[in-house]
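Q: Just the structure for this:
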Amino acid sequence: MTAAAAAGGDAGAPRRFLPPLRAAVDVRVFDHPLFAGVQHYRDLLLAAEWPAVPALDDRLALPGAQLVEQDAALLADGLHYEIRIAQGRIATRADNWHDLFNALVWASLLPLKRALNAQQCRHIAAMAPGQRNRAQAALTQFDETGVVVCMRDPSVLAAWDAHDWRALFDPSHWRGGSIAVVAVFGHALMEQALLPGRLLVGKCVVVQGDGEAGCIETVTRAIDEGRVLGDPLQLRPLPLAGIPGWHEVQDAAFYGNADYFRPLRAGRQYPAPLPLM
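A: Coordinates of the predicted model:
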């Protein structure tokens with residue numbers, strides 16, 4: 001399997017990822033910058049035992065929402081997962097990394113999660129049962145593998161537009177603040193990052209402005225108003241291991257791996273960044 005396919009890249013649908021058992025996770029992985037947004041809940045990641053779903057719900061105390069254990073009794077209501085969330089219940093599997101990270105993202109980026117759910121529900125209501133449109137696919141991709149990026153320097157954006165990865169990942173851009181990861185939103189990225197060294201691809205919404213403050217609010221409003229995530233092709237792929245300091249070895253051979261740092265497809269264009277509110 002190629003690196004990009006394993007990470008949910010443009011090669012098509014990724015194979016099902018099997019996370020490591022809790023006891024097998026090297027806790028040093030949680031020092032990686034990808035987990036920066038959930039450090040407030042680090043104890044839930046490091047504990048030897050899984051948090052029970054009711055205890056997790058009590059701990060996170062999501063306003064207007066409740067984590068409920070996904071079991072046969074819950075699923076018997078026949079509701080769509082997103083519709084159930086809109087009614088205030090987030091189905092959560094016990095002893096499950098994917099759903100634990102999802103819950104932590106709900107706690108960390110609640111307005112963004114709510115905006116995503118509201119858009120999903122609007123599309124569900126407009127579609128025939130069992131059918132999905134491209135906007136729903138985009139919303140799901142962002143939910144699973146989304147990253148919010150802040151961009152200050154238009155020349156760096158031009159490098160990204162062209163898939164000029166060596167220019168995009170010039171350390172001076174990232175250390176100087178020309179470009180920055182504001183938030184890793186995708187809980188599937190966190191689950192896959194449990195295996196150190198995995199070559200992951202984030203699917204990004206970009207905000208252009210002079211600082212990171214306000215970026216999440218900008219993306220939240222754009223999702224709520226339907227100005228972004230109308231199609232999966234609107235999402236910018238970002239090979240996360242290329243970010244300076246995000247991978248152990250980042251030499252010329254690493255950045256020369258065209259299976260991961262993929263060239264731009266003919267005719268592929270990305271939307272302009274959202275202006276910072």
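Q: tell me which residues in the helix or strand encompassing R59 are buried?
A: Assigned by DSSP states H and E, R59 belongs to helix 53-60. If you call a residue buried by 16 or more other CB atoms under 10 Å, then helix 53-60 has these buried ones: 53, 56-57, 60. The C-beta positions use only the backbone N, C-alpha and C, and glycine is treated the same way.
Q: Of these, which is the nearest to S178?
A: Checking the buried residues of helix 53-60 against S178 with CB to CB, the nearest one is L60 at 34.7 Å.
Q: Now that closest one. Nearest residue, chain neighbours left out?
A: Nearest non-adjacent residue to L60, counting by CB to CB, 6 or more residues apart in numbering: A107, 4.3 Å away.
Q: In which helix or strand does C204 reside?
A: Going by DSSP H and E, C204 is in strand 201-208.
Q: where along the protein do the helices fall?
A: Applying DSSP state H to the chain gives helices spanning 3-6, 42-46, 53-60, 72-75, 81-86, 97-108, 110-126, 134-145, 154-161, 165-168, 171-175, 187-192, 215-224, 252-255.
Q: what about P263, how many residues close to it?
A: 11 (other CB atoms under 10 Å).
Q: In space, what's closest to it - neighbours in sequence excluded?
A: Spatial nearest neighbour of P263, excluding adjacent residues (CB to CB, 6+ apart): H163 at 5.6 Å.
Q: Give me the distance between the residue nearest the centre of the chain and R122.
A: The geometric centre of the chain, computed from its C-alpha atoms, lies nearest to G186 (CA atoms, centre = their mean), at 1.9 Å. Separation of G186 from R122 (CB to CB, to the nearest Å): 21 Å.
Q: ditto for D153
A: Distance from D153 to R122, by CB to CB: 35 Å.
Q: ok so, going back, excluding residues flanking it in the chain, which one is nearest the residue nearest to the centre of the chain?
A: Closest to G186 by CB to CB, 6+ apart is T145, at 3.9 Å.
Q: Next one, pLDDT for the one you found please.
A: T145 is assigned 98 on the pLDDT scale.
Q: Run a quick neighbour tally on it.
A: 27.
Q: so it touches V201, yeah?
A: Yes: using CB atoms under 8 Å, T145 is in contact with V201, at 7.1 Å.
Q: and G78, what does it touch?
A: By CB atoms under 8 Å, 6 or more residues apart in numbering, no residues touch G78.
Q: Same check on A193?
A: 29, 32, 34-35, 200.
Q: same thing with H32?
A: 193, 196, 246.
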